[in-house]
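In: predicted coordinates and the sequence they were generated for:
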Amino acid sequence: MRPLVAHIRLNHLRDNFRTLKRMHGSGKMLAVVKANAYGHGAVHCARALTDLADGFAVSSIDEAIELRSAGIENPIVMLEGVFSAEEYALVDQYDLWPVVGNQWQLEALLAYNWQLPVKVWLKMDSGMHRTGFFPHDYAPVYQALMQSNYVTDVVKMTHFACADEPMKSMTADQIDTFDLVCTDLAGEISLANSAAMMTCPQAQRGWGRAGLALYGVSPLGGTDSRFKPVMRLVSQVFGERVLQKGESIGYGATFVTTQSTRVGLVACGYADGYPRRAPTGTPVAIEGVRSRIVGRVSMDMLTVQLADHQHALGSEVELWGDVVNVNEVAAAAGTIAYELLCNVKRAVRSYE
Ligand SMILES: *Cc1c(COP(=O)(O)O)cnc(C)c1O
């Protein structure tokens with residue numbers, strides 16, 4: 001069996017949830033477990049948070065039903081709402097909270113004959129311009145929902161485009177837009193993703209929606225000691241050799257030694273979700289000591305530099321986790337931690 005394991009520390013997940021809830025203030029908090037909990041396993045993560053989370057957030061009806069089928073009874077928000085009008089029957093059956101972000105979702109919701117009362121999350125497009133009602137259309141839509149006999153509450157929500165870039169004024173502008181429209185609209189609100197909880201005090205109210213930071217990774221890049229990485233992706237050195245000066249390694253022969261170099265072969269590649277674009281120099285940790293990748297990442301393997309006299313066969317290699325922050329690997333590969341975590345596959349997930 002390949003030695004690639006994603007250790008998932010559920011106690012870290014719980015600690016991060018508490019930390020974020022404290023940072024967010026008095027409001028409630030959704031744990032965002034979409035995309036299989038950012039690659040960490042949605043059912044395991046949700047089960048670990050049932051007594052803490054005020055609700056969960058997913059991206060589709062399938063993800064919601066997966067949680068319900070596993071016995072999760074907390075509220076579940078569907079962040080993108082339904083993808084067809086027929087899905088409202090399942091939203092009703094499984095007692096879910098749909099986001100409504102456009103006209104057809106609204107009309108289908110109002111036309112559906114609900115068995116259970118429904119709590120709707122009404123999305124405003126305050127500047128992201130992917131989905132949501134424009135500010136000038138928002139109040140009439142809110143009123144239409146409030147007048148429906150089926151709708152118990154409307155949670156007013158919006159999403160920020162640049163909360164991870166606190167120097168930009170965009171988040172403040174989005175909040176101003178949102179507040180202006182909502183002045184006379186009663187009920188709960190939801191503004192903050194992880195980054196806004198960290199950077200934007202004006203967004204720390206209502207329902208927080210904690211994603212990346214919940215998994216112990218800062219959306220601002222780098223390492224933030226307030227959060228504990230939940231995933232530790234580790235493998236092993238299963239081959240080693242000494243290359244003489246001037247020899248190349250791997251596809252494309254892109255890396256050429258400048259001196260005699262000890263190289264270890266690690267069971268992890270891009271078919272496991274490790275980014276192929278991670279260049280020579282991308283950090284790894286071998287038995288807790290930082291080293292680097294040399295040469296190109298292959299489908300099932302990658303190669304790392306070993307210390308000169310290190311006998312490394314069987315050594316543990318941390319691809320990311322505690323010594324190497326996943327943000328470092330993402331930066332080296334020209335992407336973001338979100339993508340790397342969501343992409344992890346083939347690795348055995350071990351829950352601890
Ligand atoms: C994914 C998502 C979040 C969580 O974002 P993070 O940056 O991971 O905290 C919050 N709100 C919405 C609408 C989302 O789609």
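Out: Sure, I can see it.

In: neighbours of residue 57, how many?
Out: By the criterion of other C-beta atoms under 10 Å, residue 57 has 25 neighbours. Placement of C-beta: from N, CA and C, glycine included.

In: just checking, what packs against the helix or strand containing it?
Out: Assigned by DSSP states H and E, residue 57 belongs to strand 55-58. The helices and strands touching strand 55-58, judged by 3 or more C-beta pairs under 8 Å, 6 or more residues apart in numbering; DSSP states H and E, are strand 29-32, helix 42-49, helix 61-69, strand 76-78.

In: closest one to the ligand among these?
Out: strand 29-32 (4.3 Å; C-beta to the nearest ligand atom).

In: what sits closest to the residue in the stretch 251-352 of the chain that the ligand sits nearest to if chain neighbours are left out?
Out: Residue nearest to the ligand within the stretch 251-352 of the chain (C-beta to the nearest ligand atom): residue 338, separated by 6.6 Å. Distances taken as C-beta to C-beta, 6 or more residues apart in numbering place residue 212 nearest to residue 338, at 6.0 Å, with adjacent residues excluded.

In: ok, now which ones touch that neighbour?
Out: Remark: with contacts taken as C-beta atoms under 8 Å, 6 or more residues apart in numbering, residue 212 is in contact with 38, 194, 218, 219, 337, 338.

In: please redo it, this time with the cut-off set to 7 Å
Out: When contacts are counted by C-beta atoms under 7 Å, 6 or more residues apart in numbering, residue 212 touches 38, 194, 219, 337, 338.

In: that one and residue 194, how far apart?
Out: Plainly put, residue 212 is 5 Å away from residue 194 if you go by C-beta to C-beta, to the nearest Å.

In: now the common contact residues for the two.
Out: Counting by C-beta under 7 Å, 6+ apart, the residues touching both residue 212 and residue 194 are residue 219.

In: rewinding a little: quick one: the host helix or strand of the residue of the stretch 251-352 of the chain closest to the ligand to chain centroid distance?
Out: Using DSSP H and E, residue 338 maps to helix 337-343. Distance, stretch centre to chain centre, for helix 337-343: 7 Å (C-alpha atoms, centre = their mean, to the nearest Å).

In: what of stretch 61-75?
Out: 18 Å.

In: now stretch 341-352
Out: For stretch 341-352 - counting by C-alpha atoms, centre = their mean - the centre lies 14 Å from the chain centre.

In: contact partners for the closest residue to the ligand within the chain?
Out: Closest to the ligand within the chain is residue 211: 2.1 Å, counting by C-beta to the nearest ligand atom. Contacts for residue 211 (C-beta under 7 Å, 6+ apart) come out as 32, 38, 193, 194.

In: cross the residues you listed against helices and list the overlap.
Out: The helices, defined by DSSP state H, take in 38, 194 from these.

In: what's the mean pLDDT across the longest strand that the chain contains?
Out: If you go by DSSP state E, the chain has its longest strand at strand 231-243. Mean per-residue pLDDT for strand 231-243: 97.

In: with just CA atoms, put it into CSV.
Out: Taking Å, rounded to 0.1, in the frame of the first residue of the first chain, the C-alpha atoms of strand 231-243 are listed here in CSV:
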residue,chain,number,x,y,z
MET,A,231,-4.6,18.3,7.6
ARG,A,232,-1.2,16.9,7.8
LEU,A,233,-0.4,15.3,4.4
VAL,A,234,2.5,12.8,4.8
SER,A,235,4.2,10.1,2.8
GLN,A,236,7.5,8.3,2.9
VAL,A,237,10.9,8.1,1.2
PHE,A,238,10.8,4.7,-0.6
GLY,A,239,14.0,5.1,-2.6
GLU,A,240,17.2,7.0,-2.4
ARG,A,241,20.3,7.5,-4.5
VAL,A,242,23.4,9.7,-4.7
LEU,A,243,23.7,11.7,-7.9
